[in-house]
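**Student:** missing the sequence, but the structure's below:
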Ligand code: CP
């Protein structure tokens, strides 16, 4: 694997390989670097806590030197483009750049370049894809059930604006899960019918194995909020009453950050059926597996 840009580009075998390797790292495995020193940089042009900091931890656990980058202190503020920023990082010896950017498919010009040599890992491109989140979500589901084929999974909320939803619907369907969508029709698109079926949240909550709740992405809306927090929670959220109707073995997921008492009730976040904290922890091990795969051509 030279780059990780979308989940679509991964074979099923590569996905399962990454999950198994992430599980090995979780159990204490170490890697055998082929070079004495690797350099990574995390270029975040959109806000992040989990993705950015878990890549930091993953890189440090692997012994990779992290070249700090802060947009506000960089030459981006003098007008330097993303292309020239990555070109510079590559020229000074960076092996891998993790990038989050608001522009969908920002990576196209980077990987087409004959001069940029470093690997690119997509840490999220606008409303496009979030492959590393998808892979840590898959790891979390696999840890719970041990398989994907035949699982019923609900993806609930602001689907149109969610890169997590897009990566997950593509990969989960390919792996044999049955997908249901719920949430406001305003934030749903008929094109998602290629992956699953739309149903009201009250109909899916009793039947699914996974309730995957999505954040309401205020920053990608046009400023006019169509739901109050309370009305969204009551109409589309995982309330205490709805959660009580879930199957006993079913789990709650959310990529976070969470709007508590909006997408799901506050007390459910750290509740017995929640795997949200596990998702955060798994993010470190999955990102170790991804870094190893792109730096050493493994998957
Ligand atoms: N889930 C996720 O991408 O979180 P951050 O925006 O904090 O990285």
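**Tutor:** In hand now; what should we look at? Note that the structure is a prediction, hence the values are computed from the model and not measured.

**Student:** buried residues of stretch 44-52, list them for me.
**Tutor:** Neighbour counts using 16 or more other CB atoms under 10 Å place 44, 45, 46, 48, 50, 51, 52 of stretch 44-52 among the buried residues. (C-beta placed from N, C-alpha, C; glycine too.)

**Student:** residues of this structure that sit close to the ligand?
**Tutor:** Residues of the chain lying close to the ligand (CB under 6 Å from any ligand atom) are 48, 49, 50, 51, 52, 133, 255, 256, 257.

**Student:** pLDDT wise, what is the second one at?
**Tutor:** Right, residue 49. For residue 49, the model assigns a pLDDT of 98.

**Student:** re the thing from before, of all the buried residues of stretch 44-52, which two lie farthest apart?
**Tutor:** Farthest apart among the buried residues of stretch 44-52 by CB to CB are 45 and 50. That separation is 16.2 Å.

**Student:** and the residue nearest the centre of the chain, backbone torsions?
**Tutor:** Nearest to the geometric centre of the chain sits residue 133, at 1.8 Å (CA atoms, centre = their mean). Phi and psi for residue 133, reported as degrees, to the nearest 10, are phi -70, psi -40.

**Student:** gap between it and residue 9?
**Tutor:** Taking CB to CB, to the nearest Å as the measure, residue 133 falls 16 Å from residue 9.

**Student:** please apply the same query to residue 220.
**Tutor:** On the measure of CB to CB, residue 220 and residue 9 end up 24 Å apart.

**Student:** who has more neighbours, those two?
**Tutor:** residue 220 (15 against 12; other CB atoms under 10 Å).

**Student:** now do the contacts for the more buried one.
**Tutor:** Contacts for residue 220 (CB atoms under 8 Å, 6 or more residues apart in numbering) come out as 127, 161.

**Student:** and if you look at the one 5 residues further on?
**Tutor:** Taking CB under 8 Å, 6+ apart as the criterion, residue 225 is in contact with residue 218.

**Student:** pretty sure it is in a strand, no?
**Tutor:** No. Looking at residue 225 with DSSP: H, G, I helix; E, B strand; the rest coil, it is coil, so not inside a strand.

**Student:** offset the numbering so it begins at 765, please.
**Tutor:** Right, with 765 as the first residue, what we last looked at is residue 989.

**Student:** tell me the first helix or strand C-terminal of the host helix or strand of residue 943.
**Tutor:** Using DSSP states H and E, residue 943 falls within strand 942-946. Later in the chain than strand 942-946, the nearest helix or strand by DSSP H and E is strand 960-962.

**Student:** so what are the sheet partners of that following strand and their directions?
**Tutor:** Counting by DSSP bridges, the strands paired with strand 960-962 are strand 942-946 (parallel).

**Student:** Provide the contact partners of the strand it pairs with at residue level.
**Tutor:** With CB under 8 Å, 6+ apart as the test, strand 942-946 has contacts from 914-921, 923, 933, 936-937, 952, 956, 959-965, 968, 971-972, 1000.

**Student:** can you do 6 Å?
**Tutor:** Contact with strand 942-946 is made by 916-920, 923, 933, 936-937, 956, 959-963, 965, 968, as judged by CB atoms under 6 Å, 6 or more residues apart in numbering.

**Student:** swap in stretch 790-809?
**Tutor:** 816, 819, 823, 826, 828-831, 833, 835, 853, 857-865, 1049, 1056, 1059-1060.

**Student:** so for stretch 782-797, mean pLDDT?
**Tutor:** For stretch 782-797, the mean pLDDT works out to 97.

**Student:** so which bits of it are buried?
**Tutor:** 782, 783, 785, 786, 787, 789, 790, 795.

**Student:** run through this protein and note the low-pLDDT ranges.
**Tutor:** Across the chain, the ranges flagged by pLDDT under 70 are 1062-1063.

**Student:** mind running it again at 90?
**Tutor:** The chain contains residues with pLDDT under 90 at 981-990, 1060-1063.

**Student:** quick one: the helices in it?
**Tutor:** Using DSSP state H, the helices found in the chain span residues 776-790, 814-825, 846-855, 872-876, 895-909, 927-938, 965-968, 993-1000, 1004-1008, 1040-1060.
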